[in-house]
Every structure is written in structure tokens, then in C-alpha cells.
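*Asks:* sequence plus predicted model, see below.
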Amino acid sequence: MMIRISKLTKPLLATAFLFAGTIAFNTVSAQSSSQAKMKTFIDGLMAKMTLEEKIGQLNLVVGGEATTGSVVSTGVEDKIKKGQVGGIFSVTSPQRIRKVQELAVKNSRLKIPIIFGLDVIHGYRTIFPIPLGLAASWDMGLIQQSARVAAQEASADGLNWTFSPMVDISRDPRWGRIAESSGEDPFLGSAIARAMVKGYQGDNLAANNTLMACVKHFALYGAPEAGRDYLSVDMSHIKMYNDYFPPYKAAVDAGVGSVMSSFNDVDGIPASANKWLLTDVLRKQWGFKGLVVSDYTSVNEMIDHGLGDLKAVSALSLKAGMDMDMVGEGFLTTLKASLKEGKITQAEIDRACRNVLEAKYKLGLFEDPFRYCDDNRAQTEIFSDTHRKIARETAARSFVLLKNQGVLPLQRKGTIALVGPLADAKENMVGTWAVSADVSKATSLLAGLKAVAGSNVNIVYAKGANVADSLLEARTSIFGKPWQRDNRHPDTLIAEALRAAANADVIVAAVGELAEFTGEASSRTDITLPQSQRKLLHALNATGKPVVAVLFTGRPLAIPEEDKHLPAILNVWFGGSEAGYAIGDVLFGDVNPSGKLPATFPRNVGQVPIYYSYKNSGRPQGTDEFQKFRSGYLDERNSPLYPFGYGLSYTSFGYSDITLSSKKLKGAQKLTATITVTNTGKYAGEEVVQLYLRDLVASNTRPLKELKGFQKISLKPGESKQVSFTVTTDDLKFYDHNLKHIWEAGEFTLFMGGNSRDTKSINFWWDK
């Protein structure tokens, strides 16, 4: 677009540019001044510190109950007075935190304040959908807002550090912590990482309503062998840089204040002692300036990895670039001896100490150690009606409609039989990693459905089945979510469900996983629905009445039989505090579902790992038709049950052909790709328009498709909108076999559509 500039406006523009330049200069100057001021302060403080006090700053202890491991810190009060504690987590409330902080600033020699953290993963008291569910919204504004609410509440309760976001790419649904991730795709994951960091940290980390974010787990934690938590990770550097590193780097580029190491090894070296990861990549290549903290006792656990005793692994970790040791206290108890023996240097201790002190300085703790200890905020800003409303709206927009043969939305009349083991299980609505949730305030599906349905709907409830066998239930009834097993015979439970369904117009079956079937140390080899629930669904389906499966899950499940036989499936993940209401909103059509899958759902666990952006083999099968001597299975199709980016609506959307601003580009030119999307159904709805690219000929093998853009749009019935994306050479870049970030001239395919499978496509050329 060309803009004409008159003689009159030229001086004004010149003044405007000069003013803008002055602002930019002043901003940089202010930042430089702030950095210099911080350096001067930290230099002066460190000059007063003894070796023991410096090492003490590297010690992060647990002040409450252990939440991620079996080790609990001891003698914390005495250590604080001696200056042997730099940070504490799992202590909450302004009153408790004030008491602990007073120990540090009134009783220790140098009065250095303590930083207080917690695993605030998807909400503090007001719980939002699990991160995998948040990712399904494909709505960066909603995701950022969820982190902002979490920061508002957690900081009101005295906290200033969260061990979130977790940005590990995962393509293996057997791995339980996929529930905490944003799924399989680096582009989507990077966008979410930026949104979460911005939501937690805001524009001013020293403000008393923000939290320092901690991106985790660096690195590659989402790709353990066999999908088994904590296990070894083995992959090429090309895959690291192209597929797994981008979300971590996105968080660093967004200014994340801290980074947590992972439990696994990388290239044969545990991440917590991996200098290539913690120093070469993180600090030298990416320019990270913040604090690096270990995961829970991950330094000590390197003993079992086979790297030596506690003194040896602690020295290795410090030298690799670790700043803070979480709970294990190997730094506290061994670094002084290692320094004397020449295994580490004073400069390495000073570096780690400086990074811890700078984090506290940026949080404003030296200026006011009690800035997060406001009793009034704790009483008014936590689990407020406003926050609950936001959580309810967010949950409803995270749900993914997997199938619907005209059953949904439900009518507000007649009788609904609500059956299933998760229909009245409010403790499980918040999902995994909701350590600060008050589950007694969560809303079950039964309560939510009754509240939303209105007086003209009769809801009849029956449990129908237990979730699974007793062993699996027992292993996952933890973290304040005890499961009350019904000891009646399974046939008795099903018979009760059938009686409830006998006079119903429609059956809503609440099935799936318990909250702690996923999360840390919750890997599974069988990702189908448990037999008890499959038997219940079979009996319900045999009644001939329409069955709506409301699927609770923290991972992609293999549900081909349910997809084949049931007329409607709504995947609701674990929607948080307001999940019961939000599910009701969607079932009755008050909210039209718009979620899209952030991870592929397989047909069979044997397809795992499964993801959309795979590379062709030299013998591609091409279709789902079996061909001998082509890459495929004898007993299953290659294609997934539900592809990445998939999700239905109560309405339907039509896509036009793609138009390009040019089919031949060169150098720094930009490509505009446009498609028209039309709401061809009867309901207003939202659609996530997705853009993918394929590099047809390159020096390295390239994926068949890569997500490079998405937009969420809203359309009324019959309404059309043009959706445009701008593509630049940055979108064509990849890391080659020399790990150079390059783009190559040639032919490309551009895809646009509502998921990674169902797309329109067009080719173009881009020359150097």
C-alpha cells in the first residue's frame, strides 16, 4: 500500500520519527541504567558474603509437603537463620510467608530475602483446563489470560515464582506428563510458551501481582523411550533444533526469568549436568540471562544415572551451568569441599549466586521483602467470581467435539440419563498438577448439568461402572483426589445404569480417565478406555437410545470402537474448577465447541509415537490401502483416528480455493495467502484456520507438513470471511545437518484448512 505524503506532513512525520527514536533511545538507556544499578547492588552484596552464604543462596528447599517427590527438607528454620536457604516452595499464604521471610531478613547476617515458589501449572485456586486442554483452545489471548489470573491469585497468596510453563513437545500419549504439555507441535507450542510467560510475568516483574515464570523441562523431557517417565532420551540434533527446542527458545526470547533442567539424559549426559544444554545452547546460543534451577532432586538422581557420588554430581552440575539445587542439598553439603579440592572454581559459585540474587532483585524483594504479603489481596483476589467466570469460559472453549451425528446440542426438555464413573466426581475435574486447588469447590458434571439444564429437563443419575480395576484406581488416587470405589458387582452397576436410561430421551456417559491417570509418573501402556467402561458403553449403546460420550482425559486415547459405534463424543480433558458448568454450556449449545486437537489421537497404541509432521520414507504407502513393501502395518492403517488440529462444531465451515499474491517469489519478498471461509451451517461458531507448508526439495529430508500459522475466527450462519496469512523466508527456515538455520530456494506447497488432514493446497516457487 502506498501512502502519499504532502509537504505539510513531512515535517510532522520527521518530528514523529525523531520522537519515536527518542523514546527508543530513552528505553534502552533506562534499561542500561537499571542493569548497571542492579550490578552495582549485587557486586556490593556479594563482596560482603562468605563462601557459605554464597552457597546457601543456591539451596532451594521445600517448606511444606513434598509435591513432586518423596524427599522433604529438614531443619529449614535453622538453615534460614544461617543464610543457607535461597528459596522455598510449597509454603503459601501471606501470614506464613511473612513469618518465614522475617526469619531471613531479621535473623540472618546479611538479611537476604527468600524467593517463594510453587507449581502453579494451570491456575492457583481458580483452576483452568489442564495445559493440553488449554492448548486445544488455540486461543493465545485466553491462554495468556489464564496465566494472568493464576499470577494474580498466587501472588496475592504470597508467592512470586511459578514452575511453569512446561513446554516439552510430546508425541507419545503413553507418557503421563503430556497432560501438562501443549502437545506435539513446535509452532503451536512456541506461541503458547510466549503467551504463558507474558501472562505470568506481565510487563513488570517487580509488580506485586506478577510471578517469575520458569520454563521447563530443559530439555527433551517429553520424548522418553517407551513413553516411560524419567527414562533416557535419544534423538538427533536436527530433531532437537527443528522439533523440540523451539518452545524453550520462544520462552527465552519472551524474557522468561528462569529455566528448569529435566530429569532425562541428553547425548548420554543427564540434563542437570549437561554443559552443552545449560551453557552452550541456553546461554551462549540463545542469550539467556536468568536463573537455572534443577528439577526436584534431579542433581542427586544423577548418582543412579551412574555419574558418581553426591559430591561428584553436584560439582558436575554447577560446572555445567546449574544455579540452584532443588531439595537435594548436594550443593549445600558438598560444594565447599569440592572448591577446596579444585573440582570447581570460585567463579562458578559466584556466577550461580549472582543469578539467584539477580532474580530476587528483579522481583523487587531487596526493595521490599514483604511486597507479596498483603492480607487484603488474599481475601479479595483469590477464587473470585470474576476469575471463576473466566475459567468457565476458557474451559468451554477448550473442549473438542470429536464426533456428532445430529445428537448435540441437547434440547432443554425431556429426560437425560447421566451415567458413568466420572459423572459425579468433582475431585477429578481439576485434573493433574493442581496442587493448590481446593477440590471441594470444584463442580461435578452432575451438579453443572443440573444447573445449566433448567427446570424443564429431568436428569437421572447412575454410576454404571468403576473407572478401572482396583489396582489402577489405587495407584492414581493421590494428590487429594481419593477415589471411592463401588464394591457392588459390575453387572449390578450396569443394571442400575440401564434402569436410569430406560425412560430417558438421551444418555450422557461420563467416561475416561481419573485425573491422576496422567501427570508425573503416570505412564500407561494401554491407552484405551478401561474394560469396565467399555462394557458399560456397549450396554448403553445396545438400548438404541442416542449416547453422548463425555470423555475426560489427560492424553490422546485410542478409542476406535467408541468412534465407530457412538453417535457423539465430546472430549473435555479436565476442565478445572468450573468444568461441570462449562460442559453443560457446551452440551446444551450455549457455547458452540471450537477446540482443536493439539496432539494426534491414534487408532492403536502400536502406532505410537504418532504425529502429523512426519517425514516420508523412500517407500511411502501414500494411502491407507495396504501395499506390500511399502511403509505400513499388516494389522492397522497408518492414519490416526483423529488428526492434529481436528475438531468439529455444531455448525459447518466451507473453504474456498487458496489464492496467492504471487506464485513466484524472490529474496526478501513476502507472500500473502488468502482463503475464504463460510459458515455453511445453522449456528454461529468459531473456526481455527490453519496454514501448513511443505518444502518439496531440500538438502535434508523435510516433514510432509509443518504448521506455520493459525487464526481463530467467528462466523454467523451464512457469513463468509477472507483469512490471509503473510509468509516470509523465515517460515521456510530449518536447521540443516550442520545445524545452520537456513532456507533454500525451490518449490513449496502451502496448505490451508480446518485441521492437518483436510486442507486445500497450492504450490509456489521461491528463489534466492
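*Replies:* Right, received. Where do you want to start?
*Asks:* where does pLDDT dip in the protein?
*Replies:* 1-30, 64-72, 478-480 (pLDDT under 70).
*Asks:* where do the helices sit along the stretch 201-350 of the chain?
*Replies:* Remark: helices assigned in the stretch 201-350 of the chain by DSSP state H, counting those that start in this stretch are 237-239, 246-253, 275, 302-305, 310-320, 330-340, 346-362.
*Asks:* can I get these in a markdown table including mean neighbour count and distance to N264?
*Replies:* Using the backbone N, CA and C atoms, a C-beta is placed for each residue, glycine as well. Converted to a markdown table, the helices of the stretch 201-350 of the chain look like this (neighbours: other Cβ atoms under 10 Å; distance: least, Cβ to Cβ, whole Å):
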| stretch | mean neighbour count | distance to N264 |
| --- | --- | --- |
| helix 237-239 | 15 | 15 |
| helix 246-253 | 23 | 14 |
| helix 275 | 15 | 16 |
| helix 302-305 | 18 | 9 |
| helix 310-320 | 23 | 15 |
| helix 330-340 | 20 | 19 |
| helix 346-362 | 20 | 22 |
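*Asks:* now those in CSV, with distance to S294?
*Replies:* Output for these, formatted as CSV (distance: least, Cβ to Cβ, whole Å):
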stretch, distance to S294
helix 237-239, 23
helix 246-253, 16
helix 275, 14
helix 302-305, 10
helix 310-320, 7
helix 330-340, 9
helix 346-362, 11
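*Asks:* closest one to V457 among these?
*Replies:* V457 lies closest to helix 246-253 among the helices of the stretch 201-350 of the chain, at 43.1 Å (Cβ to Cβ).
*Asks:* contacts for the closest one, please.
*Replies:* For helix 246-253, contacts defined as Cβ atoms under 8 Å, 6 or more residues apart in numbering pick out 165, 167-169, 182, 186-187, 189-194, 196-197, 213, 215, 218-219, 259, 282, 286-288.
*Asks:* rewinding a little: quick one, which of the helices of the stretch 201-350 of the chain gets closest to N541.
*Replies:* Across the helices of the stretch 201-350 of the chain, N541 has its closest neighbour in helix 246-253 (40.1 Å, Cβ to Cβ).
*Asks:* next, the distance between the ends of stretch 361-379.
*Replies:* End-to-end distance for stretch 361-379: 27 Å, by Cα to Cα, to the nearest Å.
*Asks:* how far off centre is that stretch?
*Replies:* Centroid separation for stretch 361-379 versus its chain: 27 Å, with Cα atoms, centre = their mean, to the nearest Å.
*Asks:* buried stuff in that stretch?
*Replies:* When burial is assessed from 16 or more other Cβ atoms under 10 Å, stretch 361-379 yields the following buried residues: 361-366, 369-374, 377-378.
*Asks:* secondary structure and distance to L277 added to those residues, as a markdown table?
*Replies:* Listed next are the buried residues of stretch 361-379 as a markdown table, based on DSSP: H, G, I helix; E, B strand; the rest coil; distance: Cβ to Cβ, whole Å:
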| residue | secondary structure | distance to L277 |
| --- | --- | --- |
| Y361 | helix | 26 |
| K362 | helix | 23 |
| L363 | coil | 25 |
| G364 | coil | 30 |
| L365 | coil | 28 |
| F366 | coil | 30 |
| P369 | coil | 33 |
| F370 | coil | 36 |
| R371 | coil | 34 |
| Y372 | coil | 32 |
| C373 | coil | 36 |
| D374 | coil | 38 |
| R377 | helix | 38 |
| A378 | helix | 38 |
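*Asks:* for those residues, which one is nearest R534?
*Replies:* Nearest to R534 among the buried residues of stretch 361-379, with distances taken as Cβ to Cβ, is A378, at 45.8 Å.
*Asks:* show me what contacts the residue nearest to T728 when sequence neighbours are not counted?
*Replies:* Using Cβ to Cβ, 6 or more residues apart in numbering and skipping residues adjacent in sequence, the residue nearest T728 is K670, 5.4 Å away. Applying Cβ under 8 Å, 6+ apart, we find K670 in contact with S661, T726, V727, T728.
*Asks:* check V508 too.
*Replies:* With Cβ under 8 Å, 6+ apart, V508 has these contacts: L410, I416, A417, L418, V419, G420, A423, L449, V548, V550, L587.
*Asks:* could you report the neighbour count for the fifth one?
*Replies:* When you say that, I think you mean V419. When neighbours are counted by other Cβ atoms under 10 Å, V419 registers 30.
*Asks:* just to check, it is in contact with I459?
*Replies:* No - V419 is beyond contact range of I459, at 10.7 Å (criterion: Cβ atoms under 8 Å).
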